[in-house]
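Asks: please work out how this folds:
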Amino acid sequence: MRCTHWHQVLLDLVQEARGRSAAECVDRAVQCQLSAHDDGEHYGLLDDVGEYGTALWLRWLGRAEVELVVLPDCPVVAPGLDGEGCCLFADHTEQHTWEDTLEVVSCTS
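Replies: All right, here's what the predicted structure looks like:
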């Protein structure tokens, strides 16, 4: 289950993000993309940057500590031949995005 925390992106950060992102449009509010948690830092995805394998994130801790960060993509993929890639950043602290969606298969007969 994904974190339920949201953060409004202030206008000065929106303008900075537009200058650093691959797209012209940047959301004014983002939801934390990590697994559900209350304490610690939150990360909302803003956009890809022009460099392959990196993305622009809004990182926040409470209301006062907010910044834009460029982070490399998480290289981990789900097990199996058609393994889905993780949509977070490298070395994130919570579950990979595909771990919440793995189906539980019953082994009973």
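
Asks: excluding its backbone neighbours, what's nearest Ala23?
Replies: Take Ala23 and drop its neighbours on the chain: the residue closest to it by Cβ to Cβ, 6 or more residues apart in numbering is Asp47, 5.2 Å away. Heads up, the C-betas are built off the backbone N, CA and C, glycines and all.

Asks: which stretches in the chain count as strands?
Replies: 6-8, 29-31, 42-48, 54-61, 65-72 (DSSP state E).

Asks: how much space between Leu71 and Asp91?
Replies: Distance, Leu71 to Asp91, using Cβ to Cβ, to the nearest Å: 9 Å.

Asks: ok, and the closest non-adjacent residue to Pro72?
Replies: Nearest one to Pro72, counting by Cβ to Cβ, 6+ apart, is Ala90 at 4.5 Å.

Asks: now Arg18
Replies: Val26 (5.4 Å).

Asks: these two touch, right, the one you found and Asp47?
Replies: Yes: contact criterion Cβ atoms under 8 Å: Val26 and Asp47 qualify, at 6.3 Å.

Asks: comparing those two, which residue is more hemmed in?
Replies: The residue with more neighbours, out of Val26 and Asp47, is Val26; 21 against 17, by other Cβ atoms under 10 Å.

Asks: OK, contacts around the more buried one?
Replies: With contact taken as Cβ atoms under 8 Å, 6 or more residues apart in numbering, Val26 is in contact with 9, 14, 17-18, 46-47.

Asks: buried ones in stretch 89-97, by neighbour count?
Replies: 89, 92, 94, 96-97 (16 or more other Cβ atoms under 10 Å).

Asks: min pLDDT across those, which one?
Replies: Comparing pLDDT over the buried residues of stretch 89-97, the lowest score belongs to Glu94 (79).

Asks: which ones are touching that one?
Replies: So Glu94 contacts 34-35, 37, 88 (Cβ under 8 Å, 6+ apart).
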